[in-house]
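Trainee: Make a model of this:
(one chain, ligands or ions: 2)
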Amino acid sequence: MSAKQEIILSGIRPTGRLHYGNYFGAIKSFIELQGKGHQCYYFIADYHALTTISERVDFFQQTIDMLRTYVACGLDPAQSVIYRQSDLPCTAELSLLLGMITNIGHLERGTTYKDKLSKLEQGAQGLEGNPLSFGLLGYPVLMAADILIVRANQVPVGDDQRQHVEMAMDIAQKFNHRFGETLTIPRAVQRNALRLPGLDGSAKMGKSDNNTLDLLDDPKTVLKKIKGVQTTTDPEPLDTESNDPDAVIPRMPNSVGALYRMLSLLAPEEVYLEFVGKYRRGEKFYGTLKTTLAEYVSKFNEPIIERFNAPENTPESVKDFLRENARKVTPVALETVEACREAMGIGRSLYRA
Ligand code: AMP
Ligand code: TRP
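Mentor: Ligands and ions are numbered 1, 2, ... in the order given. Presented below is the predicted three-dimensional model:
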């Protein structure tokens, strides 16, 4: 047991298959934080998945698949409470309460909202019928409710979510300042959290951008995706002696950097260094880089795919599992909501025990 037990919480939206950005930006730390005496809560953010909905999507099936992938990657149901966000509906109640003290101006600066706004302004396709919703604007308030409801101290997320965690800290501070010490302030996310670039050379690998390498991709798909990465430019001289990925990768074209970043995460150091050497010497090597990387990726995916397909993963067993875990987290969450109701002056619920 560690000296101090921390409360850890994080979530991922069930909007598609889990990719390498999710794994190395978030899930890897979820796994590392287990078994150290902390209380870990990991959930599937199905309410958040609804913030961009324009027609019915089978989020329930996607939730089940995501849960199976979580467990296949190494999240241990014996060590972590893994639940579905909408099975904890008092999160929505806390979000409503927190919304009462959140400025709209603050929310308009939220990255998710701003990104969508700029896509709309640029006339992006596929967003018709899905304008900026109240739910999307309130995304960070709901996320604050997720975090604060279990009194999390630590929130392991990738770099793109840092701002949202900071908003949760601000909201909690404001609440405590106005209504007395009620909520636990989470710690800030460290500044150098990972942001894995996309296979298309864009800054972020993301489910909606069609540029991901997925944990459930089979070897054929892996090779096809990696071979498709654009490597038409010849290596440029590196103006650094360092071989550190954080020094080398920003000096490469983005799509090549994406390959190197994955190599540095998956391959033994000597393999990564060998390819940095080839790059420095300006050799023609992209073909072997791609096949080598594809092998490491497929090797990494193989046991995950196998565990994902384990026959004991029936829909009924997954449902039972989610039900049991919702029961575990509910008392903790209700206690926080009731404390906030009391602090704000409406008093405790009269029908909840
Ligand atoms: P999402 O798929 O957007 O719900 O993200 C779930 C988690 O994965 C969050 O903690 C994100 O910060 C993390 N994540 C998503 N994409 C990336 C990426 N390209 N690099 C690093 N982390 C990421
Ligand atoms: N917004 C997060 C994402 O897109 C998912 C999420 C929802 C989350 N609530 C959270 C992450 C609370 C951490 C804590 O990645």
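
Trainee: Show me what whatever helix or strand residue 177 lives in is packed against.
Mentor: Using DSSP states H and E, residue 177 sits in helix 162-179. If you count contacts as 3 or more CB pairs under 8 Å, 6 or more residues apart in numbering; DSSP states H and E, helix 162-179 packs onto helix 111-121, helix 139-149, helix 315-344. Just so you know, the C-beta spots here come from the backbone N, C-alpha and C atoms, and that holds for glycine as well.

Trainee: let's see 7 Å
Mentor: With contacts taken as 3 or more CB pairs under 7 Å, 6 or more residues apart in numbering; DSSP states H and E, helix 162-179 sits against helix 139-149.

Trainee: Report the angle between the helix it packs on and helix 162-179.
Mentor: 70 degrees (axes from the mean of the first three to the mean of the last three CA atoms, to 10 degrees).

Trainee: Could you tell me how far residue 177 is located from residue 335?
Mentor: As judged by CB to CB, to the nearest Å, residue 177 and residue 335 stand 21 Å apart.

Trainee: burial count for whichever residue of the chain sits closest to ligand 1?
Mentor: In the chain, the residue found nearest to ligand 1 is residue 25; the distance is 1.9 Å by CB to the nearest ligand atom. By other CB atoms under 10 Å, the residues close to residue 25 number 23.

Trainee: Model confidence for it, exactly?
Mentor: Residue 25 is assigned 91 on the pLDDT scale.

Trainee: how about it, phi and psi?
Mentor: Per-residue torsions, residue 25: phi -80, psi -30 (degrees, to the nearest 10).

Trainee: tell me the contacts of it?
Mentor: Residue 25 makes contact with 158, 193, 194, 195, 196 under the criterion CB atoms under 7 Å, 6 or more residues apart in numbering.

Trainee: So which of these sits lowest on pLDDT?
Mentor: residue 193 (78).

Trainee: Name the nearest residue to that residue, sequence neighbours excluded.
Mentor: In space, and not counting its chain neighbours, residue 193 is closest to residue 159: 4.2 Å by CB to CB, 6 or more residues apart in numbering.

Trainee: Can you name the residues of the stretch 101-250 of the chain sitting close to ligand 1?
Mentor: 157, 158, 160, 161, 194, 195, 196, 204, 205, 206, 207 (CB under 6 Å from any ligand atom).

Trainee: Would you mind checking those for buried ones?
Mentor: 157, 158, 160, 161, 195, 196, 205, 206, 207 (16 or more other CB atoms under 10 Å).

Trainee: and the residues you listed near ligand 2, which?
Mentor: Okay, of these touching ligand 2 (CB under 6 Å from any ligand atom), that's 157, 161.

Trainee: Tabulate the buried ones among the residues of the stretch 101-250 of the chain next to ligand 1 (TSV), appending distance to residue 311.
Mentor: Shown next, in TSV, are those (distance: CB to CB, whole Å):
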residue	distance to residue 311
157	33
158	33
160	36
161	35
195	37
196	32
205	31
206	32
207	28
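
Trainee: Determine which two of the contacts of residue 25 are furthest apart.
Mentor: Across the contacts of residue 25, no pair lies farther apart than 193 and 196, at 10.7 Å, counting by CB to CB.

Trainee: doesn't residue 150 make contact with residue 332?
Mentor: Yes - using CB atoms under 7 Å, residue 332 is in contact with residue 150, at 5.5 Å.

Trainee: the more surrounded of the two?
Mentor: With neighbours defined as other CB under 10 Å, residue 332 and residue 150 compare such that residue 150 has more, 22 against 16.

Trainee: Low-confidence ranges, the chain, go.
Mentor: Where the chain drops to pLDDT under 70, the residues are 1-3, 124-130, 353.

Trainee: okay, now the domains of it?
Mentor: 7-196+314-344, 217-308 (automatic domain parsing).

Trainee: Tell me which of those domains sits most buried.
Mentor: domain 7-196+314-344 (a mean of 18; mean count of other CB atoms under 10 Å).

Trainee: From one end of that one to the other, what's the distance?
Mentor: 25 Å (CA to CA, to the nearest Å).

Trainee: Moving C-terminal from the helix holding residue 177, which element do we reach first?
Mentor: Counting by DSSP H and E, what follows helix 162-179 is helix 219-227.

Trainee: so how many other residues sit close to residue 4?
Mentor: Residue 4: 8 neighbours (other CB under 10 Å).

Trainee: I'd assumed it was in a strand, is it?
Mentor: No - Residue 4: not assigned to a strand; according to DSSP: H, G, I helix; E, B strand; the rest coil it is coil.
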